[in-house]
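S.K.: Sequence below, structure please.
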Amino acid sequence: MSPGKLAIQTYNSIAQLEGIRGQWEDLLAAYPLATTFSTPEWLLPWWRNFGQSQELLVVAAFADASLAGLAALSFTSVRMAGSIPLRVLRLMGDGSHDSDNLDIPVRPGFEDSFAHLLVEVIEKHRSRWDVGYLNSVPPQSTSIDAVRRVLEQRKSVMFEGRTPASAIALPETWEQYLKQLSSKERGKIGLRARRLEKKYAVRIRRCEDEQELDPLLQVLYDLHGKHWQARGLPGTLHVPARRRFYSELAVLLLRRRRLDFWILEADGKVVAAQFGLRHGTTVFSLQEGFDTEYASDSVGYVLRSQVIKELLAQGIRRYDFLGGADESKKRWGADVGHYLNVSFARPWSKGAAYLKTLHHARQGKSWLREHVSASTWELLHNVNVRLKGEGRKPLQGGQPSLGDRTDDPQ
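M.R.: Modelled structure (predicted):
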């Protein structure tokens, strides 16, 4: 298939998208950066559980009757900084803080032509949005880069930001992987596993039975909640919509052998769990939890080490922690990268004024951080966090975040 004239088709419901599911999957197979987060298995259940207050606009391009590009977008109305009403255009999957690696899959060679057509469609719907967001996108995405260039050509007001992300590049063998770690960490892996096995009858396994999914998900929710409650926080898995989403997602992924849901049992009791997504040779670590009563036994740590060992043997070459760059991830040999966040608006528009105001406010925050003392900055930060927790207007705006999904397993 050579780049040529593209035929555009738009879709406004997930029922319509089901009709092109096969072509969608063929497109992802041809797209080098495809991940779970661009698949029907992720996006369709996500919409069923989080899309009620949004309107769908999926822009598809066909070349010789084959799907060459797919941009799944949505419109919603929000109030920024608590009082400013704005109509927002964003990628389907954005807004609930569940999706990373959101992208616009396009067959190689069609990026520029699809980007021009996509921006034209967006412009035709200009009455439906003030501000556009392309959040949590891979910085190496050629299709996103093509869209950015077209927006620049049209003199759009555009700002870019970064959020950290971490992943382990896995070698071919367990021995090679251990050499990537510090001597201290290598020692801990063996020591903690042996100590746990001396104390309990240990069993580590992946969920393979659909009948087990619901009870094991409930265990995951409980374990995750215990860890966060110990910090005085509710965690993220108590939200009913998110639980429904995970339940639907897990079934779809398990049927396609794309679910990596691992548990560790000690004397027959599940005391640690990891919920991951497999796509090709990558596993994304989405959620995890461990029983705080077994914290001194390092059950979460042991589970992670043994899961990585098994994944290596299965040919997995990337273990992706998704967002965040804390020290616990670096200890496992993770390299720190980033996601790209692009915001844009039409020139001389309400959305442009909002983005410019937000940009200047953020610059002021950066100046403060560089020029006030560490103790003063910590005080301001704590007040800001407290205001957000109380649902009041924070000191500085920005998109809220749930933080890292995964716990530090001791």
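S.K.: going forward, measure contacts between C-alpha atoms and count neighbours the same way
M.R.: OK.
S.K.: could you give the mean pLDDT of stretch 327-342?
M.R.: Computed over stretch 327-342, the mean pLDDT rounds to 95.
S.K.: From start to finish, how long is it in a straight line?
M.R.: 27 Å (C-alpha to C-alpha, to the nearest Å).
S.K.: For the one helix or strand residue 163 maps to, give me every contacting residue.
M.R.: Assigned by DSSP states H and E, residue 163 belongs to strand 157-169. Contact with strand 157-169 is made by 136, 151-152, 317-325, 329-330, 332-347, 352, 355, 359, as judged by C-alpha atoms under 8 Å, 6 or more residues apart in numbering.
S.K.: same thing but 7 Å
M.R.: Contacts with strand 157-169, where a contact means C-alpha atoms under 7 Å, 6 or more residues apart in numbering, come from 317-325, 333-347, 352.
S.K.: Skipping adjacent residues, who's closest to residue 70 in space?
M.R.: Nearest residue to residue 70 in three dimensions, chain neighbours excluded: residue 60, at 4.5 Å (C-alpha to C-alpha, 6 or more residues apart in numbering).
S.K.: repeat for residue 332
M.R.: Spatially, and ignoring its direct neighbours in sequence, residue 332 is nearest to residue 181 (6.7 Å; C-alpha to C-alpha, 6+ apart).
S.K.: wait, is that neighbour part of a strand?
M.R.: No - Residue 181 is assigned coil when assessed by DSSP: H, G, I helix; E, B strand; the rest coil, not a strand.
S.K.: can you give me phi and psi for it?
M.R.: Dihedral pair for residue 181: phi -100, psi 160, per degrees, to the nearest 10.
S.K.: residues near it, how many?
M.R.: Residue 181: 16 surrounding residues under other C-alpha atoms under 10 Å.
S.K.: Which residue is the nearest non-sequential neighbour of the residue nearest the centre of the chain?
M.R.: Most central in the chain under C-alpha atoms, centre = their mean is residue 100, positioned 2.0 Å from the mean C-alpha point. Using C-alpha to C-alpha, 6+ apart and skipping the chain neighbours, the partner closest in space to residue 100 is residue 136 (5.4 Å).
S.K.: Read off the pLDDT value for the one you found.
M.R.: 97.
S.K.: That one: which element?
M.R.: strand 131-137.
S.K.: The longest strand anywhere in the chain to strand 131-137, inter-axis angle?
M.R.: For the chain, the strand that runs over the most residues, judged by DSSP state E, is strand 66-80. Orientation of strand 66-80 against strand 131-137 (axes from the mean of the first three to the mean of the last three C-alpha atoms, to 10 degrees) gives an angle of 110 degrees.
S.K.: circling back to that earlier point, what about the strand holding residue 163, distance to the chain center?
M.R.: Its chain's average C-alpha position is 11 Å from that of strand 157-169, according to C-alpha atoms, centre = their mean, to the nearest Å.
S.K.: can you tell me the average pLDDT over it?
M.R.: Strand 157-169 comes out at a mean pLDDT of 96.
S.K.: tilt between it and strand 131-137?
M.R.: If you take the same axes, to 10 degrees, strand 157-169 sits at 10 degrees to strand 131-137.
S.K.: Use 25 as the first number from now on
M.R.: Got it, the first residue is 25 from now on, which makes the last one we talked about strand 181-193.
S.K.: and strand 181-193, which residues are buried?
M.R.: Along strand 181-193, these residues count as buried under the neighbour rule (16 or more other C-alpha atoms under 10 Å): 181, 182, 189, 190, 191, 192, 193.
S.K.: Residue 80: what secondary structure?
M.R.: Per three-state DSSP, residue 80 ends up strand.
S.K.: Quick check: closest non-adjacent residue to it.
M.R.: Closest to residue 80 by C-alpha to C-alpha, 6+ apart is residue 98, at 4.5 Å.
S.K.: so what are the domain limits for this structure?
M.R.: Under the assignment automatic domain parsing, the domains of the chain span 31-187+363-373, 195-340.
S.K.: any chance of those domains in a markdown table, with distance to residue 387 too?
M.R.: Shown next, in a markdown table, are these (distance: least, C-alpha to C-alpha, whole Å):
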| stretch | distance to residue 387 |
| --- | --- |
| domain 31-187+363-373 | 12 |
| domain 195-340 | 30 |
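S.K.: May I have the beta-bridge partners of residue 102?
M.R.: As for beta bridges, residue 102 partners with residue 110 under DSSP bridges.
S.K.: tally of neighbours for it?
M.R.: Per other C-alpha under 10 Å, the neighbour tally for residue 102 reads 13.
S.K.: residue contacts, it?
M.R.: Residue 102 sits next to 109, 110, 111 when contact means C-alpha under 7 Å, 6+ apart.
S.K.: Now do the same contact list for the last one.
M.R.: Put plainly, it is residue 111. When contacts are counted by C-alpha under 7 Å, 6+ apart, residue 111 touches 99, 100, 101, 102, 152, 153, 154, 155.
S.K.: and the fifth one, how many residues sit next to it?
M.R.: When you say that, I think you mean residue 152. Using other C-alpha under 10 Å, residue 152 has 18 other residues around it.
S.K.: Leaving out sequence neighbours, find the closest residue to it.
M.R.: Using C-alpha to C-alpha, 6+ apart, the nearest residue to residue 152 is residue 111, at 6.5 Å.
S.K.: Which pLDDT value goes with that neighbour?
M.R.: We have a pLDDT of 95 for residue 111.
S.K.: Please apply the same query to the one 10 residues further on.
M.R.: Residue 121 is assigned a pLDDT of 93 by the prediction.
S.K.: so which helix or strand takes in residue 142?
M.R.: For residue 142, the host element (DSSP H and E) is helix 135-148.
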